[in-house]
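Asker: What follows is a predicted structure for the sequence shown.
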Amino acid sequence: DAKTTQPTSMDCAEGRAANLPCNHSTISGNEYVYWYRQIHSQGPQYIIHGLKNNETNEMASLIITEDRKSSTLILPHATLRDTAVYYCIEGTSYGKLTFGQGTILTVHP
Amino acid sequence: GAGVSQSPRYKVAKRGQDVALRCDPISGHVSLFWYQQALGQGPEFLTYFQNEAQLDKSGLPSDRFFAERPEGSVSTLKIQRTQQEDSAVYLCASSLATVHEQYFGPGTRLTVT
């Protein structure tokens, strides 16, 4: 069973920041928070991951609360090509991923 | 460079047939994962290899499912006596041993009729 909780769907205007929340209240101390996205008919694509600290890369930022029970993925300037299903995942250090239902993000003009 | 490739991309099997799905990981990637994705669902973990060693097969749904990676590179997922509930997209992913990012292939869509 998936251990994370995400909204089923979200909308975002093109050019604005998309903030995708995730609850992972049962995460254990050695589990990472991963974010992947999946565009229709393609394999999932890695976005970012973190353990305790906030992280940023060229695609997104990841904000993890101090108690590690929730996190937010931020796409700073959403484009139409960011429309996808976004998965927040608790994963082991060797990479076993337990996907949930994900959030369908729709970016509109 | 080349990404993860999977073949065939589409497979139709009659119930009871055996199928073999192939995954070519990115060259040099030590870790290899198989996932099953049913329609409208997120991918579900099946099994994990580190080189040729199958270290985790806890997600394989039954003993009809078998995976191998004999030389630590190409992997094959075999499903014996396919059932309709096996219809899904089978995804393969690979990663370097020391990094967390997994690279997914496009998947094989299996339809059992």
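Answerer: Alright, I've got the coordinates.
Asker: in the helix or strand hosting residue B:11, what counts as buried?
Answerer: Residue B:11 belongs to strand B:10-13 when assigned by DSSP states H and E. Neighbour-count burial for strand B:10-13, counted by 16 or more other Cβ atoms under 10 Å in any protein chain shown, picks out B:11, B:13. Every residue, glycine included, has its C-beta placed from N, CA and C.
Asker: Excluding its own residues, what touches it? List them.
Answerer: Residues outside strand B:10-13 that contact it (Cβ atoms under 8 Å, 6 or more residues apart in numbering or on different chains): B:19, B:21, B:82, B:108, B:109, B:110, B:111, B:112, B:113.
Asker: what's around the second one, how many residues?
Answerer: By the other Cβ atoms under 10 Å in any protein chain shown criterion, the neighbourhood of residue B:21 contains 20 residues.
Asker: Pull out the CA atoms of the helix or strand hosting it and give them to me as PDB.
Answerer: Using DSSP H and E, residue B:21 sits in strand B:19-24. Coordinates of each C-alpha in strand B:19-24 appear next as PDB, following Å, rounded to 0.1, in the frame of the first residue of the first chain:
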ATOM      1  CA  VAL B  19       5.900 -14.300 -22.300                       C
ATOM      2  CA  ALA B  20       9.400 -12.800 -22.000                       C
ATOM      3  CA  LEU B  21      10.000  -9.100 -21.600                       C
ATOM      4  CA  ARG B  22      13.400  -7.600 -22.200                       C
ATOM      5  CA  CYS B  23      15.100  -4.700 -20.600                       C
ATOM      6  CA  ASP B  24      18.400  -3.100 -21.700                       C
END
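Asker: what's the following helix or strand after the helix or strand of chain A at the bottom of the mean pLDDT ranking?
Answerer: Every helix and strand of chain A was ranked by mean pLDDT, DSSP states H and E. The lowest is strand A:97-98, at a mean of 87. Next helix or strand after strand A:97-98 toward the C-terminus (DSSP H and E): strand A:103-108.
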